[in-house]
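Peer 1: model the structure of this input:
(one chain, ligands or ions: 1)
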Amino acid sequence: MQIDDWSRQVATDQSADRSAHSKVMTFQKVMTFQLEKNETDPKAEVYAQLAAQLRSLIEGERDFIANAANFASLLYHSLFAVNWAGFYLLKEGELVLGPFQGLPACLRIAIGKGVCGTAAEQRQTILVDNVHEFPGHIACDSASNSEIVVPLIANEKLIGVLDLDSPLFARFDDEDARGLNELAEIFVQGSSDLK
Ligand code: SME
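Peer 2: Residues are numbered from 1 along each chain as shown. Below you'll find the model as predicted:
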């Protein structure tokens with residue numbers, strides 16, 4: 001992982017003096033991640049590294065959508081055998097699709113419906129080894145066979161859920177639940193728009 005590199009950019013300001021372009025030096029923070037999907041890496045190590053990467057990604061940025069988008073991308077590109085990673089956000093009493101990576105998904109889910117709506121209603125992480133056996137499961141990608149949904153709670157209020165799908169059966173276990181809950185907490189704490 002290589003993060004917090006600083007790169008120097010030289011831009012040419014052509015609006016000033018066309019005969020003698022003024023050079024404007026700007027410094028831009030560039031984060032470079034080398035994301036790997038290695039099935040054999042111990043999950044505790046994977047989630048410890050993801051926690052460090054997520055902290056770095058959201059540091060200095062409080063905008064919820066921006067942080068959620070980068071968080072979804074980080075998960076999708078880092079975790080082994082994940083075909084969908086993203087958010088459903090609580091809006092006017094139902095879950096509405098938020099930032100995600102993966103195939104286009106259903107837009108709205110009622111509280112109590114599907115895996116997402118159930119996790120939201122119960123405010124509990126739901127692990128589903130075989131989505132085809134989950135009553136009321138909402139299929140967005142026919143490749144999905146297992147799923148985990150983590151509720152997002154800020155100041156004791158439900159604000160949405162984090163949802164991950166896998167083409168593998170029983171892809172997610174208690175270690176994933178622990179790791180993803182820790183990541184969700186880092187995300188919520190780091191995005192003050194939510195509070
Ligand atoms: N399977 C979810 C719907 C969302 S997609 O998986 C992206 C559910 O049953 O709530």
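
Peer 1: what about Ile65, distance to the ligand?
Peer 2: Ile65 sits 18 Å away from the ligand, taking Cβ to the nearest ligand atom, to the nearest Å as the criterion. Placement of C-beta: from N, CA and C, glycine included.

Peer 1: so which residues of the chain form helices?
Peer 2: Listed in chain order, the helices found in the chain under DSSP state H are 43-58, 64-78, 114-122, 174-190.

Peer 1: dump the ones you listed to JSON lines, plus mean pLDDT and distance to Pro167.
Peer 2: Written out in JSON lines, the entries for those read as follows (pLDDT from 0 to 100; distance: least, Cβ to Cβ, whole Å):
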{"stretch": "helix 43-58", "mean pLDDT": "96", "distance to Pro167": "18"}
{"stretch": "helix 64-78", "mean pLDDT": "97", "distance to Pro167": "13"}
{"stretch": "helix 114-122", "mean pLDDT": "98", "distance to Pro167": "16"}
{"stretch": "helix 174-190", "mean pLDDT": "97", "distance to Pro167": "15"}
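
Peer 1: tabulate those helices (TSV), appending mean neighbour count.
Peer 2: TSV is the format used below for the helices of the chain (neighbours: other Cβ atoms under 10 Å):
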stretch	mean neighbour count
helix 43-58	17
helix 64-78	20
helix 114-122	22
helix 174-190	18
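
Peer 1: in CSV: the ones you listed, plus distance to Ser144.
Peer 2: As requested, the helices of the chain are exported to CSV (distance: least, Cβ to Cβ, whole Å):
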stretch, distance to Ser144
helix 43-58, 20
helix 64-78, 13
helix 114-122, 10
helix 174-190, 15
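
Peer 1: distance check, the residue positioned nearest the centre of the chain against Ala48.
Peer 2: Relative to the mean C-alpha position of the chain, the nearest C-alpha, by Cα atoms, centre = their mean, is the one of Ala72, at 2.4 Å. Applying Cβ to Cβ, to the nearest Å, one obtains 20 Å for the distance of Ala72 from Ala48.

Peer 1: for this structure, what helix or strand is lowest in average pLDDT?
Peer 2: Of the helices and strands making up the chain, the lowest-confidence element is strand 2-13, at a mean of 38, by mean pLDDT, DSSP states H and E.
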